[in-house]
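A.B. asks: The following block contains a protein sequence and its predicted model.
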Amino acid sequence: MLEVSHLTKRFGGLVAVDDLSLRLEKGTVLGIIGPNGAGKTTLINTITGFLRPDSGSISYQSERIDGLPIHRIARKGLGRTFQISELFKSLTVMQNMLVPATWQKISEPRKKAHELLEFFEVLQLAEEPAKNLSGGQQKLLDLAVISMLDPELLLLDEPFFGIHPVLKKKILDKIRVMHSEMGKTFGIVSHDIATVMYVCQKVVVMSTGGIIASGTPTEIQNDKRVIEAYLGD
């Protein structure tokens, strides 16, 4: 579904992503872990068009997307969330849900928004300004908003960071349902290693802009390089 080939992204003298290659198969939940500064968010930003690569290629559904504007990548079925929510905080929850319908044709957008808010368990907050939601509720709303466009691949940047355990469980439950029952594919960047190992089928470990290990959660947990660098003894 997604193929990144020899991708490099520099910021001046800093190489944030260094000749990185990665394949994400349809129907997979992929975890991307690594320390701060490993290049995880830069990778997501480059895939989704927020940054332009210095070299390499990115293909989605066998079509090159590197260099395309953000909205065209989103329309192709690739959605993403951010570590810090990008919601319109002064708008209500329902108004945020309807924003995608201002630039993308959506059949019965209000009905669809209602159904998605119900699925993500924030329908009761539909008329609340987004700024009044807790961090976890905003993460659920982020997922609901990008779901308005029916993305086949969702790239989530730190979806579990700093939120209440009850809401974290809700997000995990929604990811599992979207994957198992709706056929969605996920790439999840997270520092929450235990959660990544629980929800993901495959994990890649990044360090200094490259991938140092890739495999199943069990393989990663038993990888000597990962144990020494990230998981401890």
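C.D. replies: Looks like it came in fine.
A.B. asks: Let me see the contact set for the residue most central in space within the chain.
C.D. replies: The residue lying closest to the centre of the chain (C-alpha atoms, centre = their mean) is residue 156, at 1.6 Å. Neighbour list for residue 156: 80, 81, 143, 175, 186, 187, 188, 189, 190 [criterion: C-beta atoms under 8 Å, 6 or more residues apart in numbering]. From N, CA and C alone the C-beta is placed, and that goes for glycine too.
A.B. asks: could you dump these to CSV with neighbour count?
C.D. replies: Shown next, in CSV, are the contacts of residue 156 (neighbours: other C-beta atoms under 10 Å):
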residue, neighbour count
80, 24
81, 23
143, 21
175, 21
186, 22
187, 26
188, 24
189, 25
190, 21
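A.B. asks: quick one: which of those residues is nearest residue 134?
C.D. replies: residue 143 (14.6 Å; C-beta to C-beta).
A.B. asks: picking up where we left off before, between the contacts of residue 156, which sits nearest residue 30?
C.D. replies: residue 187 (4.8 Å).
A.B. asks: for the closest one, phi and psi?
C.D. replies: phi -120, psi 120 (degrees, to the nearest 10).
A.B. asks: Just to check, it is in contact with residue 32?
C.D. replies: Yes. Look at residue 187 against residue 32 with C-beta atoms under 8 Å: they come within range, at 6.3 Å.
A.B. asks: show me where the protein has strands.
C.D. replies: With DSSP state E as the criterion, the chain has strands at 2-11, 14-24, 29-33, 55-60, 63-64, 78-80, 153-157, 185-189, 202-207, 210-215.
A.B. asks: Format those as JSON lines; extra columns: mean pLDDT and distance to residue 165.
C.D. replies: Formatted as JSON lines, those follow (pLDDT from 0 to 100; distance: least, C-beta to C-beta, whole Å):
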{"stretch": "strand 2-11", "mean pLDDT": "97", "distance to residue 165": "31"}
{"stretch": "strand 14-24", "mean pLDDT": "96", "distance to residue 165": "28"}
{"stretch": "strand 29-33", "mean pLDDT": "96", "distance to residue 165": "19"}
{"stretch": "strand 55-60", "mean pLDDT": "97", "distance to residue 165": "34"}
{"stretch": "strand 63-64", "mean pLDDT": "96", "distance to residue 165": "40"}
{"stretch": "strand 78-80", "mean pLDDT": "95", "distance to residue 165": "24"}
{"stretch": "strand 153-157", "mean pLDDT": "97", "distance to residue 165": "18"}
{"stretch": "strand 185-189", "mean pLDDT": "97", "distance to residue 165": "18"}
{"stretch": "strand 202-207", "mean pLDDT": "94", "distance to residue 165": "22"}
{"stretch": "strand 210-215", "mean pLDDT": "94", "distance to residue 165": "28"}
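A.B. asks: okay, the ones you listed in a markdown table with distance to residue 179 next?
C.D. replies: Formatted as a markdown table, those follow (distance: least, C-beta to C-beta, whole Å):
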| stretch | distance to residue 179 |
| --- | --- |
| strand 2-11 | 15 |
| strand 14-24 | 13 |
| strand 29-33 | 6 |
| strand 55-60 | 18 |
| strand 63-64 | 23 |
| strand 78-80 | 14 |
| strand 153-157 | 9 |
| strand 185-189 | 6 |
| strand 202-207 | 13 |
| strand 210-215 | 19 |
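A.B. asks: Among these, single out whichever gets nearest to residue 164.
C.D. replies: strand 153-157 (17.5 Å).
A.B. asks: Noted, bye for now.
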